[in-house]
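Asks: Quick one, what's the 3D model for this:
(chains A and B)
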Amino acid sequence: GQNIDQPTEMTATEGAIVQINCTYQTSGFNGLFWYQQHAGEAPTFLSYNVLDGLEEKGRFSSFLSRSKGYSYLLLKELQMKDSASYLCAVGAGTASKLTFGTGTRLQVTL
Amino acid sequence: EPEVTQTPSHQVTQMGQEVILRCVPISNHLYFYWYRQILGQKVEFLVSFYNNEISEKSEIFDDQFSVERPDGSNFTLKIRSTKLEDSAMYFCASSAQGSYGYTFGSGTRLTVV
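Replies: This is a model prediction of the structure:
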């Protein structure tokens, strides 16, 4: 089975940088995903890592170490609209289901 | 940008009643999924559907649940006899190539009373 751990809540200041960590144990790994979810809305795709290393996409970057079962999402130049839950998810199996962590609720303050 | 469309956005039903949640996946996608999220909890996989059959299902997806693709565009989730604990947000998703490129619908909030 899969087990995914990420912090429950984080707070950061507008304009700052925040790193959200995720550790996982899984079988049949075929990718690590980060999604953003605002309250009452659907998850929206942020990033995908299947190989070790850093993927950068504008203000968002994601890192993966498969040997350590570890990923992080880095958000730079935080804006108030970045206040949301950030979901770490692992893709596995031929049907490519996603197993989600409980999400990290990020509060961006002035 | 193509969207996954779900209807209704909200559904209130009496315990024991049947509900059908509807989804229109993106037209050229081949993989279809249902997930649910109980309020304040994590998103949970229910079922995946590929090539007109279920390819994987979770322990949650018991005999009370079924999925159908009745025509070329709709993908439905039926709950035969709803229970209070079925109250959740249900998300449909589709993808062209497995995990990568998932698009989620905006969800149906199901409330069982």
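
Asks: Settle this for me: B:Gly16 is touching B:Ile79, isn't it.
Replies: No - counting by CB atoms under 8 Å, B:Gly16 sits too far from B:Ile79 to count as a contact (10.6 Å). For the C-beta atoms, the positions are set from N, CA and C on the backbone; glycine is no exception.

Asks: Same drill for the two, tell me which one is more crowded.
Replies: B:Ile79 (19 against 10; other CB atoms under 10 Å in any protein chain shown).

Asks: now the residue lying closest to that one once chain neighbours are set aside: how far from chain A?
Replies: Computed as CB to CB, 6 or more residues apart in numbering or on different chains, the closest residue to B:Ile79 that is not its neighbour in sequence is B:Val19, at 5.1 Å. Using CB to the nearest CB, to the nearest Å, one gets 19 Å for the distance from B:Val19 to chain A.

Asks: Next, the contact list for B:Val19, please.
Replies: Taking CB atoms under 8 Å, 6 or more residues apart in numbering or on different chains as the criterion, B:Val19 is in contact with B:Gln11, B:Thr13, B:Lys78, B:Ile79, B:Thr82, B:Leu110.

Asks: Same question for B:Gln17.
Replies: B:Gln17 touches B:Ser81, B:Thr82, counting by CB under 8 Å, 6+ apart.

Asks: Dihedrals phi and psi, it?
Replies: Main-chain dihedrals, B:Gln17, degrees, to the nearest 10: phi -80, psi 160.

Asks: and chain A, which of its residues are near chain B?
Replies: Within chain A, the positions near chain B by CB under 8 Å from any CB of the partner chain are A:30-31, A:33, A:37, A:40-45, A:48, A:87, A:89, A:91-103.

Asks: one more time with 7 Å, if that's ok
Replies: A:30-31, A:33, A:41-43, A:45, A:48, A:87, A:91, A:93-103 (CB under 7 Å from any CB of the partner chain).

Asks: Of those residues, select the buried ones using a ChimeraX command.
Replies: In ChimeraX, this line selects whichever of the residues of chain A next to chain B come out buried by 16 or more other CB atoms under 10 Å in any protein chain shown:
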select /A:31,33,42,43,48,87,91,93,95,96,97,98,99,100,101,102,103
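
Asks: Name the helix or strand for the residue nearest the centre of chain B, please.
Replies: Among the residues of chain B, the one closest to the centroid is B:Trp34, at 3.3 Å (CA atoms, centre = their mean). Secondary-structure assignment from DSSP states H and E places B:Trp34 in strand B:31-37.
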